[in-house]
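Peer 1: Predicted model, plus sequence, below.
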Amino acid sequence: MGKALDRSALAAYAKARIRAAHDIQQWHHPDRFGLCACGRPRPCTVAAACLTTIARYQATLALTDTTMPMPTITPRKTTSGAADDRPPSA
């Protein structure tokens with residue numbers, strides 16, 4: 001096995017795989033007579049593999065690629081001194 005990828009390299013790899021799957025998938029769409037544009041009967045196994053690849057790497061990006069920083073929320077203390085799990089009222 002090769003060396004482990006760091007977070008940015010994994011994100012770049014996932015984006016490249018998604019882009020490649022989209023490029024392949026553009027040639028596998030429903031065509032006339034219920035066939036795929038490549039001539040295979042529907043559902044086309046290539047199109048299904050592309051959709052699986054896209055879903056897999058989108059899930060990887062969701063776990064590794066930060067889209068925006070989120071604030072850290074600390075529990076509030078109530079008058080009794082116990083942590084209050086309710087969200088603050090507006």
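Peer 2: Sure, I can see it. What you see is a predicted model, and the numbers here were worked out from it, not measured in a lab.
Peer 1: And the closest residue to Gln25 other than its chain neighbours, how far from Thr72?
Peer 2: Nearest non-adjacent residue to Gln25, counting by CB to CB, 6 or more residues apart in numbering: Cys50, 4.1 Å away. The way it works is simple: take the backbone N, C-alpha and C, and place the C-beta from them, glycine included. To Thr72, Cys50 is 38 Å away according to CB to CB, to the nearest Å.
Peer 1: So for those two, which residue has more residues nearby?
Peer 2: Counted by other CB atoms under 10 Å, Cys50 and Thr72 do not tie: Cys50 has more neighbours, with 21 against 5.
Peer 1: Let me see the ranges of the strands in this structure.
Peer 2: For the chain, strands defined by DSSP state E occupy the ranges 76-77, 83-84.
Peer 1: mean pLDDT for those strands: which is lowest?
Peer 2: Across these, strand 83-84 has the smallest mean pLDDT, namely a mean of 56.
Peer 1: I would like the residues contacting stretch 24-39, please.
Peer 2: Pro41, Arg42, Pro43, Cys44, Val46, Ala47, Cys50, Leu51, Ile54 (CB atoms under 8 Å, 6 or more residues apart in numbering).
Peer 1: filter those residues to the buried ones?
Peer 2: The neighbour-count test (16 or more other CB atoms under 10 Å) applied to the contacts of stretch 24-39 identifies Cys44, Ala47, Cys50, Ile54 as buried.
Peer 1: Please tabulate those in a markdown table, including the columns pLDDT and distance to Ala16.
Peer 2: Listed next are the buried ones among the contacts of stretch 24-39 as a markdown table, based on pLDDT from 0 to 100; distance: CB to CB, whole Å:
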| residue | pLDDT | distance to Ala16 |
| --- | --- | --- |
| Cys44 | 90 | 23 |
| Ala47 | 92 | 20 |
| Cys50 | 94 | 14 |
| Ile54 | 95 | 12 |
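Peer 1: OK, contacts around the closest residue to Ile18 other than its chain neighbours?
Peer 2: The shortest distance from Ile18 to any non-neighbouring residue, by CB to CB, 6+ apart, is to Tyr57 (5.0 Å). Contacts of Tyr57 were listed using CB under 8 Å, 6+ apart, and they are Ala14, Lys15, Arg17, Ile18, Ala21.
Peer 1: This completes my enquiry, with thanks.
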